[in-house]
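>>> Sequence unavailable; structure follows:
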């Protein structure tokens with residue numbers, strides 16, 4: 001007897017589990033009694049270095065025990081020294097690893113949409129800007145009444161298209177063609193905004209962790225994790241006797257790393273918890289341990305599906321009686337009932353529920369902060385470019401052309417006045433008349449008016 005939950009467990013000073021329930025049913029049906037004892041070396045049984053069978057298989061082979069009631073895998077090598085009952089359980093092998101921590105993703109802001117969608121949005125943004133600018137130029141040339149002075153530059157068209165994509169209210173184009181383009185772009189932006197918002201909420205609310213590998217082929221190709229199994233189980237014999245393929249690569253990796261084979265399952269679980277280590281074993285046993293330890297998880301891979309059976313001494317005369325009762329128990333559904341009774345309930349079931357109410361961390365918002373930093377940096381670069389372009393504007397060009405048509409100010413838009421230049425006489429007669437009344441009479445000189453004309457005043 002070996003402790004191997006949920007098939008055999010030790011609690012409150014007694015054994016329990018699926019195999020114990022099976023043994024009790026057999027004892028009741030066949031009317032026999034039994035005494036339970038543990039295996040001294042704690043192994044299931046393989047051929048050791050001395051070419052001797054150890055573990056439970058060795059005890060039954062040497063007739064130190066009559067029955068080995070445990071999750072014993074039925075193999076051809078073991079059947080050469082012991083007899084097996086009809087398999088009461090089918091079990092695949094699995095790989096247990098430490099659950100990877102969620103890494104900080106700066107580009108999480110881009111995850112709601114695929115890269116192909118982002119590229120399409122950028123192309124749509126450029127295309128809409130070009131079409132809007134072309135339509136505006138054509139309309140302004142063909143019509144003198146319907147002119148759009150806001151979309152006369154391609155830069156303004158770019159800004160309008162960007163504002164429409166991010167659902168910002170802007171003044172619509174004045175031309176009918178431009179408004180049709182803007183309306184179609186607004187409809188597309190509404191759909192994109194809804195899809196982006198919904199997916200972004202789901203990404204931020206659910207904590208998704210990506211496994212480092214998901215198959216045996218990926219496991220043997222990566223370099224961050226080592227792998228191994230427990231000494232004395234059939235998986236070790238499977239890899240050791242492999243002639244090629246992925247099983248042979250797994251064995252080569254185990255031999256190249258010291259400590260890959262552990263002595264006992266508890267040592268394997270400790271190694272998995274503290275290191276980047278893949279522990280290979282029976283999937284039910286591994287999932288039973290992972291159900292109580294939420295920092296561990298099983299890879300979504302199954303291989304080497306085998307059957308579990310009871311082991312009897314070779315040539316034992318009661319094997320057929322046991323097989324008949326086991327078949328009746330399987331057909332009656334008692335094995336499935338014992339499975340539901342002894343299978344551990346996962347303590348990690350609330351993990352996904354808590355994920356919907358978790359607090360956002362700085363890593364979740366890092367992409368947004370980086371976007372603001374990028375915007376400020378680009379704006380600073382544009383400011384430097386505009387200042388440099390204004391500084392390079394020469395005064396001679398400004399004097400010759402006057403104020404610039406693009407709205408930028410020249411440093412010198414008019415020629416300086418000469419000291420000898422006489423002020424221009426106003427052409428408005430009423431202003432000249434007021435000035436005439438305010439001037440002293442002796443100061444007014446004109447070739448048409450003589451001083452003798454004012455003698456009678």
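Received it, and whenever you're ready, just let me know what you need. Small disclaimer: the values here were computed from a predicted structure and weren't measured.
>>> Work out the gap between stretch 286-303 and the centre of the chain.
21 Å (C-alpha atoms, centre = their mean, to the nearest Å).
>>> in that stretch, what counts as buried?
Within stretch 286-303, the residues that count as buried by 16 or more other C-beta atoms under 10 Å are 286-291, 293, 296-299, 301, 303. (Glycine included, C-beta is placed from N, CA and C.)
>>> In those residues, find the pair that's most separated.
Using C-beta to C-beta, these span at most 22.8 Å, a distance reached by 293 and 303.
>>> What residues of stretch 89-106 count as buried?
Using 16+ other C-beta under 10 Å as the test for burial, stretch 89-106 gives 89, 91, 93, 94, 95, 96, 97, 98.
>>> Please compute how far that stretch lies from its chain's middle.
15 Å.
>>> Then stretch 194-213?
On the basis of C-alpha atoms, centre = their mean, stretch 194-213 sits 6 Å off its chain's mean C-alpha point.
>>> What of stretch 120-135?
Its chain's C-alpha centre lies 31 Å from the corresponding centre of stretch 120-135 when counted by C-alpha atoms, centre = their mean.
>>> What of stretch 317-332?
50 Å.
>>> Next: stretch 78-97.
38 Å.
>>> so where do the strands sit in the stretch 201-350 of the chain?
Assigned by DSSP state E, counting those that start in this stretch, the stretch 201-350 of the chain shows strands spanning 226-229, 277-282, 296-298, 303-313.
>>> taking those together, which one is wrapped up most tightly?
With neighbours taken as mean count of other C-beta atoms under 10 Å, the strands of the stretch 201-350 of the chain reach their highest mean count in strand 277-282, at a mean of 25.
>>> Need the mean per-residue confidence for it.
On average, the pLDDT along strand 277-282 is 94.
>>> quick one: that strand to strand 303-313, angle?
With axes from the mean of the first three to the mean of the last three C-alpha atoms, to 10 degrees defining the directions, strand 277-282 sits at 50 degrees from strand 303-313.
>>> who does strand 277-282 touch, helix- and strand-wise?
strand 89-98, strand 226-229, helix 265-274 (3 or more C-beta pairs under 8 Å, 6 or more residues apart in numbering; DSSP states H and E).
>>> Between those, which one is closest to residue 324.
Closest approach to residue 324 among the helices and strands packed on strand 277-282 is made by strand 89-98 (17.6 Å; C-beta to C-beta).
>>> could you say which helix or strand contains residue 182?
Assessed by DSSP states H and E, residue 182 sits inside helix 176-205.
>>> Repeat that for residue 83.
Using DSSP H and E, residue 83 falls within strand 82-84.
>>> Now do that strand: everything it contacts.
The contact list for strand 82-84 (C-beta atoms under 8 Å, 6 or more residues apart in numbering) reads 57, 60-61, 68, 72, 74, 78, 309-316, 319.
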